[in-house]
Structures are given as structure tokens and as C-alpha cells.
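1. Provided below for reference: sequence and predicted model.
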Amino acid sequence: MKKYLGKIITGVAILLGVVAIIMLAAPGITIKPEYQVREAESFSMANLTFGKDVWAKNLGLGFSFPNFLTFILVVVGIVCSIVSICGKGGKVLPIIAAVALVAAGVLFFCVQQMYTIKLPKDFTGELKQEAVKFYKKQLDTAFTLGAGAIVGGVLSILAGAAALVPMFIKSK
């Protein structure tokens, strides 16, 4: 039974990682109730990662590599876990999987600080800097971390812990 316990726990880590990737569809940031003008406004993790025209055409959220890196790290953790469940990679791959998944979990909680503002091309120099400061201040003031970021972060950290557990189980 102990022989299969490590594989089962690694499978759980893979499942948690997959669910963390699904959090792309969930809200990354949500408007605070005191700023709510109409129905609940939120931006999904996909919007915060890949961008979305929010205020006008060519004005909104842009592509954010740090947010994209979060999902790359989850995928790296899943792939390393899959390879290690197949019996390859020795003791190194579970460590890489755990580090990647825990790092992704931490980055999920930083999503509100890592989004980028997309401005029209005619914004340059000081005008561009002031516009970015203005929109970032508005979003940082009115929005809070959403369920997608919180659940994705927790699941990634749990997946990282689960990826390490098989190293400590002695099989007979």
C-alpha cells in the first residue's frame, strides 16, 4: 500500500495544480463594496494576465508577464509531478515541482500588484507615467484580491506540499 500512497499523493498534487490553472476564469481582483456603483465588478485572472480593454478601446489592462509566469510555474510543477509519478527524475523532480508550485502560490497572492495598464499609443513620456499612476491608484484603492487569486494560491501551495510528501514515504 505504501508503494502506491506516494503516487496517489502526487496525483492529488497534479489535480490541485490543474484546478489552480482553471482559476484563470475566476476573479483575480474584485471591487470593494463601498466602491460598487453597479453590479459586482471584477477582473478575471485571464484579464489580469492577458489584458482587456476596460475603459475605452486601447485603454485598459495589458499583458502581464509576472501573472503569466504564475501559470507557467503551475504547469512546470504539474509536468514535473507527472514525470516523477512515472518513476523518472529521481528525487530532483519532486523538489522542482514543489518549488515551482509554491512559488506560483505566492505569485497568485501578488496578482493585484503585478497587472499592467495598457494605454493608447499617443500617450508618451510624462503623460504616460501620470496616466499609469492614476489608473493603478484607482484600481489599487477600489479593488481587493478576488476568489480566483486566493483559491489558486492556496491550491498551488497545497499542491507543492503534496508533491514533496512522496519523498518522505518509505516504500516496502
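-> On my side now, so go ahead.

2. Contacts only, for K32.
-> Applying CB atoms under 8 Å, 6 or more residues apart in numbering to K32 gives the contacts A142, F143, T144. (C-beta placed from N, C-alpha, C; glycine too.)

3. What residues of the helix or strand harbouring T49 count as buried?
-> Under the criterion of DSSP states H and E, T49 resides in helix 45-50. Residues M45, A46, N47, L48, T49 are the ones in helix 45-50 that count as buried (16 or more other CB atoms under 10 Å).

4. before we move on, what about stretch 109-125?
-> By 16+ other CB under 10 Å, the buried positions in stretch 109-125 come out as F109, V111, Q112, M114, Y115, T116, I117, K118, L119, F123.

5. again with stretch 126-140
-> Buried, per 16+ other CB under 10 Å, within stretch 126-140: Y135, L139.

6. which residues touch the helix holding T49?
-> Residues contacting helix 45-50 (CB under 8 Å, 6+ apart): 23-29, 61, 63-64, 67-68, 70-71, 111, 114-115, 148-149, 152.

7. out of those residues, which are buried?
-> 23-24, 26-29, 61, 64, 67, 70-71, 111, 114-115, 148-149, 152.

8. Show me the helices in this protein, by range?
-> Secondary structure of the chain by DSSP state H: the helices cover 2-22, 45-50, 65-85, 92-108, 111-114, 125-142, 147-164.

9. Please work out the angle formed by the directions of the last one and helix 2-22.
-> Using axes from the mean of the first three to the mean of the last three CA atoms, to 10 degrees, one finds that helix 147-164 and helix 2-22 are set 160 degrees apart in direction.

10. Report the buried residues of helix 147-164.
-> Buried residues in helix 147-164, counted by 16+ other CB under 10 Å: 148-153, 155-164.

11. Kindly export that helix (C-alpha atoms) in CSV.
-> Taking Å, rounded to 0.1, in the frame of the first residue of the first chain, the C-alpha atoms of helix 147-164 are listed here in CSV:
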residue,chain,number,x,y,z
ALA,A,147,-11.5,34.5,-5.1
GLY,A,148,-9.6,33.2,-8.1
ALA,A,149,-6.3,34.5,-6.8
ILE,A,150,-6.9,33.3,-3.2
VAL,A,151,-8.1,29.8,-4.2
GLY,A,152,-5.4,29.5,-6.9
GLY,A,153,-2.7,30.5,-4.3
VAL,A,154,-3.9,28.1,-1.6
LEU,A,155,-4.3,25.2,-4.1
SER,A,156,-0.8,25.8,-5.6
ILE,A,157,0.8,25.8,-2.1
LEU,A,158,-1.1,22.7,-1.1
ALA,A,159,0.0,21.0,-4.4
GLY,A,160,3.6,22.0,-3.7
ALA,A,161,3.4,20.4,-0.3
ALA,A,162,1.7,17.3,-1.7
ALA,A,163,4.4,17.0,-4.4
LEU,A,164,7.1,16.7,-1.7
